[in-house]
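Colleague: Give me the fold of what follows.
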Amino acid sequence: MSTQYQINERQLLLRVKKAPLAIRIILYVIAIAGILLPIIATVSAILLPTTTMSIVNIIVMTALLFISLFIFRLAIWNTKGEEEFYFADDHVYYQANYGWFKDKRKRYNLTDKAISFEIRSIGSSDDHKGVLLMQSGTKLFGSAVKVPVEDLKIIIAHIKQYYK
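Modeller: Numbering: from 1, shown residues only. Just a heads-up that it's a prediction; the model follows:
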């Protein structure tokens, strides 16, 4: 059985467990339909003389396009999502990787080079999964990937050695 995490020195990689295939298919179909419908409507309004475009149509199509792009991002997160953390002496870098694109790398400065860790349980108590939360001073940041609690304990034990 493969784990959802990989630790390499000061780098931590957390992988999202893939959603069921049916859910991913539904998300991709909704996203693709929502992206194609405004394009088809715009092209038909330009090519067919009987249809007209109003400002309301443009606003609705733009909103549908943005919602569809958000759903597409959600679909690829549930297919190839990863979170990358790098633990330096006085800061932590974080980056979400969607497989086809990456978010901007965020830098969290550590107060007095100290960091505390917490496991926040997610889901039912039978699930035994949680997310990793970190705090330095008043800044709270963490992971969105649900990982088994036992794995989170191993991760925290490994990372704590750098912040004695």
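
Colleague: got the domain boundaries for this protein?
Modeller: 5-16+83-160, 21-78 (automatic domain parsing).

Colleague: low-scoring stretches of this structure, by residue?
Modeller: Counting by pLDDT under 70, the chain has low-confidence residues at 1-2, 164.

Colleague: For this protein, which segments count as strands?
Modeller: 5-8, 11-15, 82-87, 91-97, 106-109, 116-122, 129-136, 139-142, 147-148 (DSSP state E).

Colleague: the helices in the chain, which residues?
Modeller: Ranges of helices within the chain are 21-47, 55-80, 149-160, based on DSSP state H.

Colleague: Return the distance of residue 143 relative to residue 104.
Modeller: According to Cβ to Cβ, to the nearest Å, residue 143 stands 17 Å off from residue 104. Yep, even glycine has a C-beta here, placed from its N, CA and C like the rest.

Colleague: more neighbours, the two?
Modeller: Taking other Cβ atoms under 10 Å, residue 143 and residue 104 do not tie; residue 143 has more neighbours (21 against 7).

Colleague: Residue 31 contacts residue 66, doesn't it?
Modeller: No: the criterion here is Cβ atoms under 8 Å, and residue 31 misses it with residue 66 at 11.5 Å.

Colleague: The two: which is more packed in?
Modeller: residue 31 (20 against 11).

Colleague: tell me the contacts of that one?
Modeller: 68, 69, 71, 72, 75 (Cβ atoms under 8 Å, 6 or more residues apart in numbering).

Colleague: how much space is there between the last one and residue 22?
Modeller: Put plainly, it is residue 75. Following Cβ to Cβ, the distance that separates residue 75 from residue 22 is 12 Å.

Colleague: repeat for the fourth one
Modeller: Separation of residue 72 from residue 22 (Cβ to Cβ) stands at 17 Å.

Colleague: out of those two, which sits in the more crowded spot?
Modeller: More crowded of residue 72 and residue 22, by other Cβ under 10 Å: residue 72, with 19 against 8.

Colleague: which residues does that one contact?
Modeller: 27, 28, 31, 32, 35.

Colleague: Please convert the buried members of those into ChimeraX selection syntax.
Modeller: The buried residues among these can be selected in ChimeraX (16 or more other Cβ atoms under 10 Å) with this line:
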select :27,28,31,35
